[in-house]
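> Kindly return the folded structure for what I paste below:
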Amino acid sequence: MAALAWLLIPLVAAIAAGLWGTWANRTRRVRGDGPELDGYARFRKAMEKSDTGARGA
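All right, here's what the predicted structure looks like:
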């Protein structure tokens, strides 16, 4: 009977891992790259604006 208990532990762990994996991969609202690309464009624009040509001559 003790051997059966030891065999049930990995079985329960595998079932729990499968349930967690299913939950972790659930369909979520896809955001895409839009907000990140918009932020990068704003960053580049700000960097170009702050560049006053004051680099050493």
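
> CA atoms for contacts and neighbours, from now on please.
Noted.

> Going along the chain from the longest helix seen in the chain, find the next helix or strand for me.
As assigned by DSSP state H, the longest helix anywhere in the chain is helix 2-24. Later in the chain than helix 2-24, the nearest helix or strand by DSSP states H and E is helix 34-50.

> list the buried ones in that following helix?
Within helix 34-50, no residue is scored as buried using 16 or more other Cα atoms under 10 Å.

> average pLDDT across it?
For helix 34-50, the mean per-residue pLDDT is 88.

> same question, stretch 13-24
The average pLDDT for stretch 13-24 rounds to 95.

> phi, psi of D33?
phi -90, psi 0 (degrees, to the nearest 10).

> Who are the contact partners of it?
By Cα atoms under 8 Å, 6 or more residues apart in numbering, D33 lies in contact with nothing.

> Return the distance of it relative to Y40.
From D33 across to Y40, the span is 11 Å (Cα to Cα, to the nearest Å).

> which residues do the two both contact?
By Cα under 8 Å, 6+ apart, no residue touches both D33 and Y40.
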